[in-house]
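Peer 1: Quick one, structure for this:
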Amino acid sequence: MIKAYRSNCEAISLSADQSVTQISDDIVWIDLINPDRAEETLVEKALGVELPTREDLKDIEPSSRLYTEEGNVFMTGSLVWNANSNDPRLTDVAFILAGNRLVTIRYAEPKSFNLFTAAITRVPHEMRSGAALLLKLLETIVDRTAEILENSVVGIDTVAAGIFGEQARSKRKAPRYLEDKIADISAYHRLISKVRDSLASLARLQSFLQATPNVQQDKEAKETGRSIGRDIQSLSEHASFISGNLTFLLDAALGIINVEQNAIIKIFSIASVVFLPPTLVASVYGMNFNVMPELQWSYGYPLAVVVMLVSAIIPFIFFRWKGWL
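Peer 2: Predicted coordinates:
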């Protein structure tokens with residue numbers, strides 16, 4: 001699918017069966033979403049630019065992701081996609097500055113693009129050039145990344161309260177309670193890792209874009225690019241801080257599990273010590289000696305039972321007094 005946007009913010013759709021002459025000069029943004037080969041050919045003929053394929057976008061070499069060719073600027077950035085689900089992913093998006101136009105190629109629909117297209121009609125003056133449009137799009141992407149981090153912080157605070165809060169103490173006895181918390185921590189860690197990878201990719205992209213003539217010759221665009229760079233750096237630091245908190249929560253949860261397991265083992269150890277004297281008494285009277293006066297007593301059996309109970313109760317009281325239980 002091909003969506004195109006004119007300088008007056010009018011959105012139109014293009015199809016592969018249309019003539020290349022239908023891409024008019026006032027179109028400043030061409031957005032290719034899951035394009036097939038026919039749609040790629042249409043845009044290539046209209047702009048005289050060879051577009052990168054889906055396989056090209058997966059290349060991690062800097063020379064393949066950020067380069068200039070015949071005056072056109074080719075950039076590939078990794079964006080967080082599906083962040084609100086249990087399966088966050090990174091999707092590679094190509095940003096191409098071909099003359100005064102911006103061309104984007106993507107095989108997913110990150111929320112930042114939907115937010116940008118919804119708000120684009122409110123800022124028509126930003127459609128003056130492809131470079132200015134790209135910078136505003138990057139601003140939206142960075143804002144969306146900040147939103148993801150903010151939502152993650154709220155969720156992580158909830159997990160922390162579940163581990164250390166007052167209500168958590170009674171729930172810990174429930175089966176797999178802390179195991180579920182570890183699963184939540186793992187999910188947040190995976191999301192934050194994706195965000196950090198995306199921010200690293202955006203930082204490289206912003207630095208490369210900042211050095212291009214498209215930005216250097218526009219004072220306002222140059223300042224906007226610097227602001228985006230500062231935002232990316234601050235978000236990267238914030239993501240590192242959140243990652244450190246997640247590591248602490250994981251260590252704390254594992255520590256609590258270890259303490260509770262040690263307490264259970266302690267109980268079993270004490271129980272074995274408590275029942276050791278009764279076992280000794282039962283073993284003595286279970287021996288087949290010919291001379292054992294207690295065997296002839298009428299109250300020999302009740303006496304043996306009482307002795308076993310007393311020998312079990314006395315160690316139990318002693319352990320409670322020492323605070324071992």
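
Peer 1: okay, and the helix or strand of the protein with the least pLDDT?
Peer 2: helix 166-171 (a mean of 58; mean pLDDT, DSSP states H and E).

Peer 1: now for the next helix or strand after it, which elements pack on it?
Peer 2: Sequence-wise, the next helix or strand downstream of helix 166-171 (DSSP states H and E) is helix 177-210. With contacts taken as 3 or more C-beta pairs under 8 Å, 6 or more residues apart in numbering; DSSP states H and E, helix 177-210 sits against strand 66-69, strand 72-81, strand 89-98, helix 130-164, helix 219-274. Where you see a C-beta, it was placed from the backbone N, CA and C, and this is true even at glycine.

Peer 1: And for Leu57, the neighbour number?
Peer 2: As a burial measure, Leu57 scores 19 neighbours (other C-beta atoms under 10 Å).

Peer 1: Starting from Ile265, give me the distance back to it.
Peer 2: 53 Å (C-beta to C-beta, to the nearest Å).

Peer 1: Give the buried residues for the helix or strand where Glu39 lies.
Peer 2: Per DSSP H and E: Glu39 is located in helix 37-47. By 16 or more other C-beta atoms under 10 Å, the buried positions in helix 37-47 come out as Glu39, Glu40, Leu42, Val43, Ala46, Leu47.

Peer 1: Ok, stretch 190-209 next?
Peer 2: So, applying 16+ other C-beta under 10 Å, buried residues of stretch 190-209: 191-192, 194-196, 198-199, 201-206, 208-209.

Peer 1: next one: stretch 308-316
Peer 2: Going by neighbour count (16+ other C-beta under 10 Å), the buried part of stretch 308-316 is Met308, Ser311, Ala312, Pro315.

Peer 1: go on, stretch 109-124?
Peer 2: For stretch 109-124, by 16+ other C-beta under 10 Å, it's Pro110, Lys111, Ser112, Phe113, Leu115, Phe116, Thr117, Ile120.

Peer 1: Same check on stretch 24-35?
Peer 2: Ile27, Val28, Trp29, Ile30, Asp31, Leu32, Pro35.

Peer 1: On the strand side of things, show who Thr91 bridges to.
Peer 2: Taking DSSP bridges as the rule, Thr91 bridges to Leu79.

Peer 1: Who are the contact partners of it?
Peer 2: Applying C-beta atoms under 8 Å, 6 or more residues apart in numbering, we find Thr91 in contact with Ser78, Leu79, Trp81, Arg106, Tyr107, Ala108, Pro110.

Peer 1: what's the neighbour count on the fifth one?
Peer 2: The one in question is Tyr107. 15.

Peer 1: quick revisit: in TSV, list the contacts of Thr91 along with pLDDT and distance to Ala304.
Peer 2: Below are the contacts of Thr91 laid out as TSV (pLDDT from 0 to 100; distance: C-beta to C-beta, whole Å):
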residue	pLDDT	distance to Ala304
Ser78	88	77
Leu79	90	78
Trp81	87	74
Arg106	89	83
Tyr107	89	81
Ala108	87	77
Pro110	87	78
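
Peer 1: Throw together a PyMOL command that grabs the buried residues out of those residues.
Peer 2: Burial among the contacts of Thr91 is assessed by 16+ other C-beta under 10 Å; the matching PyMOL selection reads:
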select buried, resi 78+79+81+106+110
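
Peer 1: For the contacts of Thr91, which two are the farthest from each other?
Peer 2: Ser78 and Tyr107 (12.3 Å; C-beta to C-beta).

Peer 1: Mind checking which residue lies nearest the centre of the protein?
Peer 2: Leu191 (0.6 Å; C-alpha atoms, centre = their mean).

Peer 1: Tell me how far that residue lies from Ser240.
Peer 2: 14 Å.

Peer 1: circling back to that earlier point, dump the buried residues of stretch 308-316 to JSON lines, plus secondary structure, distance to Glu220 and pLDDT.
Peer 2: Below are the buried residues of stretch 308-316 laid out as JSON lines (DSSP: H, G, I helix; E, B strand; the rest coil; distance: C-beta to C-beta, whole Å; pLDDT from 0 to 100):
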{"residue": "Met308", "secondary structure": "helix", "distance to Glu220": "91", "pLDDT": "79"}
{"residue": "Ser311", "secondary structure": "helix", "distance to Glu220": "89", "pLDDT": "79"}
{"residue": "Ala312", "secondary structure": "helix", "distance to Glu220": "85", "pLDDT": "78"}
{"residue": "Pro315", "secondary structure": "helix", "distance to Glu220": "82", "pLDDT": "75"}
